[in-house]
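1. this one's structure only:
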């Protein structure tokens with residue numbers, strides 16, 4: 001007798017190693033943030049992606065806002081964010097809503113990310129800039145990191161369009177520019193549908209060309225079948241384009257519709273990779289099973 005999809009996923013969750021099971025934090029801290037973002041009809045990747053660290057980050061006055069709706073125009077095989085149908089119209093009041101939420105929550109460090117919006121003429125770069133400017137009007141001391149898509153798709157696809165969109169955001173002077181390469185070159189096709197390994201490296205390269213003083217950051221998500229040698233090669237490629245900061249975490253399957261986990265890397269393996277990254281010259285490294293792109297992001301600026 002074949003078990004139901006729900007039972008299969010529950011079995012997978014139960015089989016996860018002990019180091020991947022942790023409390024999500026104080027309910028009061030999570031509910032406060034949830035109430036404020038729900039009232040304003042805005043989104044955070046902390047909630048949409050069910051991040052295991054959200055309670056800890058909220059307590060540290062850090063949060064990651066998901067701009068331009070919760071529906072992505074791409075269909076990466078690992079991602080929790082909704083996709084596969086028409087995205088929502090961009091909420092022109094979203095920058096003000098996010099800025100007010102930042103003020104109410106007393107956030108010291110904000111990460112702005114977004115779904116891929118290949119349907120928009122500028123891929124959403126202008127919306128990033130407007131949100132950054134509005135946050136600063138109400139929150140002078142708050143630092144802003146951006147975690148962007150590759151800005152490649154849509155009607156203005158190509159290297160010149162990509163560079164122009166990145167330049168728009170760079171002119172707004174983020175505290176850090178983050179773009180995740182996510183996986184190794186060999187696995188980019190099946191894991192990151194619609195993305196290209198070299199295209200992601202180019203994003204980070206363009207940022208350094210435009211302003212070498214702004215830190216760049218990227219993230220790797222292990223568990224798709226990559227080897228240690230491939231991970232080290234990817235880190236080498238990131239350093240070659242001047243990437244300053246790195247996060248390395250474990251992929252956890254959100255549902256049976258997503259790619260299965262090929263391997264659970266141990267805390268010791270993450271520590272070894274983190275040590276290697278530091279030896280390679282990354283200025284800030286976070287490497288651990290539960291590490292995500294924005295984990296302890298604000299600490300890097302203090």
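-> On my side now, so go ahead. No experiment lies behind these values; they were computed from the predicted model shown. Numbering: from 1, shown residues only.

2. how about the helices in the stretch 151-300 of the chain?
-> Counting by DSSP state H, counting those that start in this stretch, the stretch 151-300 of the chain has helices at residues 159-171, 188-191, 197-210, 228-240, 267-280.

3. find the nearest non-adjacent residue to residue 212, please.
-> residue 242 (7.2 Å; Cβ to Cβ, 6 or more residues apart in numbering). C-beta: built from backbone N, CA, C; applies to glycine.

4. what pLDDT does the one you found get?
-> We note a pLDDT of 98 for residue 242 in this prediction.

5. tell me how far residue 171 lies from residue 130.
-> 12 Å (Cβ to Cβ, to the nearest Å).

6. for those two, indicate the residue with more neighbours.
-> Between residue 171 and residue 130, counted using other Cβ atoms under 10 Å, the more crowded position is residue 130 (17 against 10).

7. that one reaches residue 93, doesn't it?
-> No: counting by Cβ atoms under 8 Å, residue 130 does not reach residue 93; the two are 10.7 Å apart.

8. quick revisit: now do the contacts for the residue nearest to residue 212.
-> Residue 242 is in contact with 204-205, 208, 212, 216, counting by Cβ atoms under 8 Å, 6 or more residues apart in numbering.

9. sec struct for the closest residue to residue 88 other than its chain neighbours, please.
-> With Cβ to Cβ, 6+ apart as the criterion, residue 88 has its nearest non-adjacent residue at 3.7 Å, and that residue is residue 69. What DSSP: H, G, I helix; E, B strand; the rest coil gives for residue 69 is coil.

10. residue 69 touches residue 120, doesn't it?
-> No: taking contacts as Cβ under 8 Å, residue 69 lies outside contact range of residue 120: 10.9 Å.

11. find residues that contact each of these two.
-> Residues touching both residue 69 and residue 120 by Cβ under 8 Å, 6+ apart: residue 90.
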